[in-house]
Every structure is written in structure tokens, then in C-alpha cells.
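In: Fold the following and give me the result.
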Amino acid sequence: MTDMPSERDLEDVARSREARLQTIINDLVREGGRSQPEVVQALTAAIESDGLGTRPEPWLDAVADEIAQGNAYVVSSHAAQVTDVPHPSTETPSETID
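Out: As a prediction, this is how the structure comes out:
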């Protein structure tokens, strides 16, 4: 009889995958100097090389757009907490909406 993974085990695996994906994104942001299409290629290759499977093309395009502009796409709050996400190079105003 095979033991089924617990919900906690599955959550740990998902968080680990998120952190690995965030690290890939962070590294690409720090490398900089690539066009959006070049980032798509590098991102796809790194994700596949790390065994994280494939991502939908719209997701890859959106993340690559941010990376090409020097901004890290944040995968999840957990991934941001456990990795060193670079500060964005694009200034965004901070405002309170009443």
C-alpha cells in the first residue's frame, strides 16, 4: 500500500517550486540587457532545465515584459519572502485611494 502525500507535503512541494521559479526570475532580472523575446527564450530554457515544466505563452510573455524592463515578476508572497527579489528599476508611485 502506497502512502498518499499529505496536504502539507503537497503544499511544501508547491512552495518549493514557486521559490525555484522566483529564483530563476530574480537571476534574469539581475543579468539584464535582454530584449523581451530573448528573455522569453532564456526564461523558457531555465524553467525547463530546472524541471518545472512548461508555462502558458501569455504568462511567459507577461513575465518576460517585466524582466526586460528590469522588474521582477513576483510568483507568490511566499516566494518573495524566501528569495532575494530585486527592487524594480521602474519607479511606481505610491498613493492612497480614498
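In: which residues sit in contact with Asp61?
Out: When the contact criterion is Cβ atoms under 8 Å, 6 or more residues apart in numbering, the partners of Asp61 are 36, 40. C-beta coordinates here come from the backbone N, C-alpha and C atoms, glycine included.
In: Buried residues of the strand or helix carrying it, list them for me.
Out: Following DSSP states H and E, one finds Asp61 within helix 57-68. Neighbour-count burial for helix 57-68 flags 60, 63-64, 66-68 (criterion: 16 or more other Cβ atoms under 10 Å).
In: count of neighbours near the spatially closest residue to Gly32 that is not a sequence neighbour?
Out: Leaving aside its sequence neighbours, Gly32 sits nearest to Gly70 (Cβ to Cβ, 6 or more residues apart in numbering; 6.2 Å). Here the number of neighbours of Gly70 (other Cβ atoms under 10 Å) works out to 15.
In: wait, isn't Gly70 in contact with Gly33?
Out: No: assessed by Cβ atoms under 8 Å, Gly70 is found out of contact with Gly33, at 9.6 Å.
In: Tally up the residues packed near the residue lying closest to Val63 once chain neighbours are set aside, please.
Out: Take Val63 and drop its neighbours on the chain: the residue closest to it by Cβ to Cβ, 6+ apart is Tyr73, 4.4 Å away. Using other Cβ under 10 Å, the number of residues around Tyr73 comes to 19.
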